[in-house]
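> Below is the structure, and that's it, no one-letter string:
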């Protein structure tokens, strides 16, 4: 059957339409969905979109900031309050993709894609999910664990507390090709300092599991330690705990596990700079 | 498929068309308006041959829903030369022999124009980033990078072959 | 880029007015203005879109194909099956008499690789073509598959292609193309060292930015106009006419402006079905690979496995080289039978070796059929040979650059395929790179020349080989006048150059 | 972490034209009444510059400026047969066919001019600027336009020519492989420098320096296009490309330009080039064709450079960071 397009002023109406139409998908930046349609996915029969301004807004309140799900990578990179995330946003595709790809879409990107979500995970973001006419905030980690089972809800935005010290946020993406490339792996780390020790670090990986994951064993091993060879040794030893990377055309599972500690070490030792 | 009306500016000229509601911008430009410089290289958003400028921003027309461009200003390579005179980027691509088969060339020019319109004096690294979403299988990229740097009048960070 | 005009200056006419000068490309302005017209830029009305239903299995028997449901999808205009193709079984190189018909345009009794075309759906939009394809029902019985060239040649391996009756191409009654010069076993006995190695080249994609495609349009003179991006216009025209059993002059092919090819657009995979569809519907038909098709169902450069066993002397001379080459053709011959001979002819590389023994196999496996790509028959062999050369050089502790100069072929040297070397220039290229890269070599190698006999011994002739190669004749003197004589005018000089030796 | 540097070399030759011959190409050349020339072919330009090389060769042979020649190709109703654009045959085969056709057309043109100037055609030469003149007496001349017009409107001659180039087919001896693969070879030597990260196996290209012997560089700028692009493709083949990442297993196959790996504009290195010309006796103005050959020598040169850097031999393409790292760790290369 032909493909229909439905446009709604309000996100909640869009969410409602998604819930009642089995063939409906929400159109954000289009980088994933339009490709599927071009490639012949005829299970998609309706494109739902929304012109709700909340969807594309960046709102900050105190140290908390909310990015509408329709905010693009380029908008993140250009936003004065989000300069520490610029290196992350700039590793998503080339310039055209960054002008189109959204925060919301990135939450659904399959491994080895979804590097921005890795950063959001390290910042302990919550995801605003509109299911029908009700909305709820879900911790990102929980959202990622269930995202593939819940295709009927609409993500409207992500919210997180901005680092007190933006230089405590670190990001590293390893790709085979440059400057654009899919991830061998990516690492985002928020390493707040207390004196010369790391306090409650948050580390997240991309491409090391079916979805971006938190590196909790490494976080625990790093907590209260200094960022030097000795201080990070336990974290490196625990680096791959909980990882279950895939073998794909970018890299094998063996290689990802093998080099993750190498790149984590480089990120952590580079951190004081 | 139902038809919807759409108005937009194409290379400075007003256009009004009835289009399939789910049509991509690429199919509208190529099939409806007769603009063939954007190419269907992959229709996956991974090659850059369909690149156009929408309100000055580089976009991939193959994965852009056409009706989202209502009221927008769209630029393609067809609008680059003025009064028969080539745009400096086009001239630089000629002078540097930066086109071989020509299939990626129009997308490359759009990516380069998106950069130079906002940043007239980019570094080599910025040029490399600007074309990073555009695949070229013929040139090895270096002639394209050099052409874009030439069009800026500078050659910051460029290495030159002997 | 710089010219080293000092090399071979006495063999060249200078003073040409156009040749040798930088001139803008005829197509360059079209490329930078977007005016260049590729096949898909042809304006057509009432275009039908052709979508192929492909095999999901590597190797399977087809039990049943049902198209009834697909035919009822609104927008589906026509469905093509094997029975609709007049000469369904063909082989790509039939036009130059290489091989036997071994490949169906549309599979009917079995499929031999994942992605093999079975049914073509013609519909009024890409989406309806996809919807029609989704409704095609095919029952398969999966068969054991073989993916490795050496496994495929073992007794008891699954038979890939019944038309050949064995998993290799037949070369005049042999399983491989042979090249024999001298006595390789005697060479190994004489050698100070033996180096025996295995090399594997992966299949790769041509990856042109424009995928393979065409548009076939019924024309006003009751023929079919075909806008195609083939790399070989008449090859594709004649092969299409052969498959469709029609007079070739009922086809009017137009192309010549292609968005990259690299060899992949030699295989004529889109035109025959598009033409057939246009004839059966009276409508224009577009058949273009999606990028996914291009990556998976389109032919790759084939994998090659190469074994090289060399005998080398402490002074750096290679005295024997034995090579075994396996071309992974995939399920059908395409151009691989030709490529394997080209690979054999390329052995043992640009070096003079007295004893050479080559076996080159074209092997069928349940992989996507492979085809020519930039360097067909040569690239894989050169990868193996040149890594092997590095290993040999290190084995005898000689600088790798000097090692190549020691063994480089020269004018008059006997090649493994029993022809004397002419026009050699390897030594000079190595010398030029030595300068360019600042890679120091012993001064004695500076005096080496492709035009002077080298230290390498002539091939010891095997009884069967001819001509006799016991003493290579001195190389021919340079045929150009010595410097200082008045050069003839450019055009006459060029004519003589062109006609020399014919 | 240590970044280790290494250099490697490879030298190759490349056969010009289809193996064993038997691959003709044809050309037609004709002049308009105003002395402009059309070359009609069915050869394919897939970016390598077929239209432009043949245009340049035609202009040279005709003795007219390149602006006076256009190449029209690949319409099967009008263009004579060409085997196709592959096997490094375009410049050599089609170039020769164009020379043949252009010589025939030129001969008619000079005959027409001779009749007008009342001299022998053998005493005439072209100046390459659109004029035909008496050798040694350039003031006695006629424009190509006037000569072409006279031929067609006064003398009733068609200023045209037909050309074909053909290397006869030969067949290898099944026992010995004795054969004549081709009539000429191009040559190349490449030295590359790489850096290898010994903790990750990542290889970074530092430089590529090559010499190419290509008979005659018909158009140096287009030769450079091939050599630079081919250098990139060789590097890509060596380090990145595969349709079967776990060969011979067929899983995890790439389906797009994100999963099919090729070096991006940030992965390239300076490419320095030297060109040598040893004309092929049967090449058009000696030309051979560098397009295929240039993508080959970087592959083994890179493999050899990696060995030079870290002592690891990877004999299976592509040479991925994983294979290098396995080598550094002393592990087998199999998955």
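Noted; the coordinates are in hand. None of these values were measured; they are calculated from a predicted model. Numbering: from 1, shown residues only, chains lettered A, B, ... in the order given.
> Where does pLDDT dip in the chain?
In the absence of a named chain, this looks at chain A. Applying pLDDT under 70 to chain A flags the ranges A:151, A:271-273.
> um, chain B though
Applying pLDDT under 70 to chain B flags the ranges B:1, B:153-162.
> Work out which residue lies at the spatial centre of it.
What sits nearest the mean C-alpha location of chain B, by C-alpha atoms, centre = their mean, is residue B:110, with 2.3 Å.
> ok, for it, nearest residue in space, not its chain neighbours?
In this structure, residue B:110 finds its nearest non-sequential neighbour in residue B:51, 4.1 Å apart by C-beta to C-beta, 6 or more residues apart in numbering or on different chains. C-beta coordinates here come from the backbone N, C-alpha and C atoms, glycine included.
> Tell me which residues touch that neighbour, please.
With contacts defined as C-beta atoms under 8 Å, 6 or more residues apart in numbering or on different chains, the neighbours of residue B:51 are A:96, B:38, B:58-61, B:106-107, B:110-111, B:133-134.
> before we move on, what about residue D:2?
Taking C-beta under 8 Å, 6+ apart as the test, what residue D:2 contacts is D:197-199.
> okay if I get the contacts of residue B:51 as a markdown table plus secondary structure?
Output for the contacts of residue B:51, formatted as a markdown table (DSSP: H, G, I helix; E, B strand; the rest coil):
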| residue | secondary structure |
| --- | --- |
| A:96 | helix |
| B:38 | coil |
| B:58 | strand |
| B:59 | strand |
| B:60 | strand |
| B:61 | helix |
| B:106 | helix |
| B:107 | helix |
| B:110 | helix |
| B:111 | helix |
| B:133 | coil |
| B:134 | coil |
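> of those residues, closest to chain C?
Within these, proximity to chain C (C-beta to the nearest C-beta) peaks at residue B:106, which comes in at 4.7 Å.
> Isn't residue D:243 up against residue C:202?
Yes - at 7.4 Å, residue D:243 and residue C:202 qualify as touching, with contact defined as C-beta atoms under 8 Å.
> Counting neighbours, go ahead and name the busier of these two.
Comparing residue D:243 with residue C:202 by other C-beta atoms under 10 Å in any protein chain shown, the one with more neighbours is residue D:243, at 26 against 22.
> Quick one: name the residues of the stretch 151-300 of chain C near chain A.
C:290, C:292 (C-beta under 8 Å from any C-beta of the partner chain).
> redo that, cut-off 10 Å
C:290-292 (C-beta under 10 Å from any C-beta of the partner chain).
> could you say which helix or strand contains the residue in the stretch 201-335 of chain D positioned nearest to chain C?
Closest residue of the stretch 201-335 of chain D to chain C, C-beta to the nearest C-beta: residue D:300 (3.2 Å). Using DSSP states H and E, residue D:300 falls within helix D:298-310.
> residue ranges of the helices in the chain, please?
All of this is about chain A. A:11-20, A:33-38, A:73-78, A:86-89, A:95-100, A:103-108, A:115-122, A:140-146, A:216-222, A:229-237, A:253-270 (DSSP state H).
> if you could check chain D rather than the one you did, that'd help
Counting by DSSP H, chain D has helices at residues D:50-62, D:95-117, D:144-153, D:220-239, D:298-310, D:321-328.
> any idea how far residue B:104 is from the closest residue to chain B within the stretch 101-250 of chain A?
Of all residues in the stretch 101-250 of chain A, residue A:180 sits closest to chain B, at 4.1 Å by C-beta to the nearest C-beta. Note on residue A:180: its distance to residue B:104, by C-beta to C-beta, to the nearest Å, is 14 Å.
> So which of these two has more stuff around it?
A direct count of neighbours by other C-beta under 10 Å for residue A:180 and residue B:104 places residue B:104 higher, at 32 against 28.
> Show me the domain layout of chain B.
B:3-78, B:88-155 (automatic domain parsing).
> Tell me if stretch C:341-361 is near chain D.
Yes - under the criterion of C-beta under 10 Å from any C-beta, stretch C:341-361 makes contact with chain D via C:341-347, C:349-351, C:356-360.
> Which positions in the stretch 151-300 of chain D make contact with chain A?
Listed as neighbours of chain A in the stretch 151-300 of chain D under the rule C-beta under 10 Å from any C-beta: D:197, D:199-202, D:204, D:236, D:239-240, D:242-246, D:251-268.
> Regarding chain C, what is its longest helix?
Longest helix in chain C, counting by DSSP H: helix C:379-395.
> domains for chain D, by residue range?
Chain D breaks down by automatic domain parsing into domains covering D:3-16+D:183-334, D:23-167.
> Against chain B - does the longest one have any residue that ends up touching it?
Yes - under the criterion of C-beta under 10 Å from any C-beta, domain D:3-16+D:183-334 makes contact with chain B via D:207-209, D:219-222, D:224-236, D:255-260, D:262-274.
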